[in-house]
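*Asks:* just coords:
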């Protein structure tokens, strides 16, 4: 069966905020797109909800968290991202709800982005049986709602009282690698930077224990499949969720 063709994402924006659950979430497929955008002179800020401290079985969380934060900062440096912040919520047990929405809305109000990018929050990676992880689902769904919360002065009004003005001007939320993606970014020219950004998570990759895992081969296979649907050699996919009533994906 032929896959549905994809459309190029709209790149008519200047500021993006990335909100994901863990260090490495963007690097498993979308970091090359970030390298493309920073190369265009766009501003991209990362917000990591956790420090990924529960991600390495053989390393205690109090040791793992700082290590993974350092790897994420280096990974961001590779793709041209200078601002990285961590919310330090507990890895592995994130819960969708008002508390998480509040924390993310505060970040949106501070950074005032045009576009917010998050991880896939659908139940699976393939629209079938390849199950997603609970933290990804909670973070993505909370981000989608928090972006709308950030524009309403009567939601989390204590933030407004503390000097953070509402920010209703986010154009869309993009969910990277969603099985419902209908858009993509051409990463042919920045693919190598994306690979190096994943390699920067060396301790995490080693901790996974995946025998003979090759970041280049893994990312290239996925990017080539997405690129074929976009009509380019290599691409990263996104589900585009417009924020304005009656808005379109384009």
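*Replies:* Nice, I can see it. Computed from a predicted structure; not experimentally measured. Residues are numbered from 1 along each chain as shown.

*Asks:* immediately after the helix or strand of the chain with the lowest mean pLDDT, which helix or strand?
*Replies:* Within the chain, no helix or strand scores below helix 202-208, which has a mean of 94 by mean pLDDT, DSSP states H and E. The helix or strand immediately downstream of helix 202-208 is helix 215-230, counting by DSSP states H and E.

*Asks:* any idea which helix or strand comes after that next one?
*Replies:* Using DSSP H and E, the next helix or strand after helix 215-230 towards the C-terminus is strand 235-242.

*Asks:* which positions in that next one come out as buried?
*Replies:* Across strand 235-242, burial judged by 16 or more other C-beta atoms under 10 Å covers 235-241. Any C-beta I mention is one placed from the backbone N, CA and C, and that applies to glycine too.

*Asks:* returning to what we had before: got the contact list for the least confident helix or strand of the chain?
*Replies:* 23-24, 52, 55-59, 67-68, 71, 198-199, 213, 215 (C-beta atoms under 8 Å, 6 or more residues apart in numbering).

*Asks:* of all these, which comes closest to residue 163?
*Replies:* residue 23 (29.8 Å; C-beta to C-beta).

*Asks:* picking that back up, what about burial for the contacts of helix 202-208, which qualify?
*Replies:* The neighbour-count test (16+ other C-beta under 10 Å) marks 23-24, 52, 55-56, 59, 67-68, 71, 198-199, 215 as buried among the contacts of helix 202-208.

*Asks:* and the helices in this structure?
*Replies:* 31-39, 61-78, 98-111, 134-150, 157-161, 191-199, 202-208, 215-230 (DSSP state H).

*Asks:* worst average pLDDT in the ones you listed?
*Replies:* Note on the helices of the chain: helix 202-208 shows the lowest mean pLDDT, a mean of 94.

*Asks:* any buried residues in that helix, and which?
*Replies:* In helix 202-208, the ones that count as buried by 16+ other C-beta under 10 Å are 204-205, 207.

*Asks:* which residue is nearest the middle of the protein?
*Replies:* Centroid-nearest residue in the chain, with C-alpha atoms, centre = their mean: residue 118, separated by 3.7 Å.
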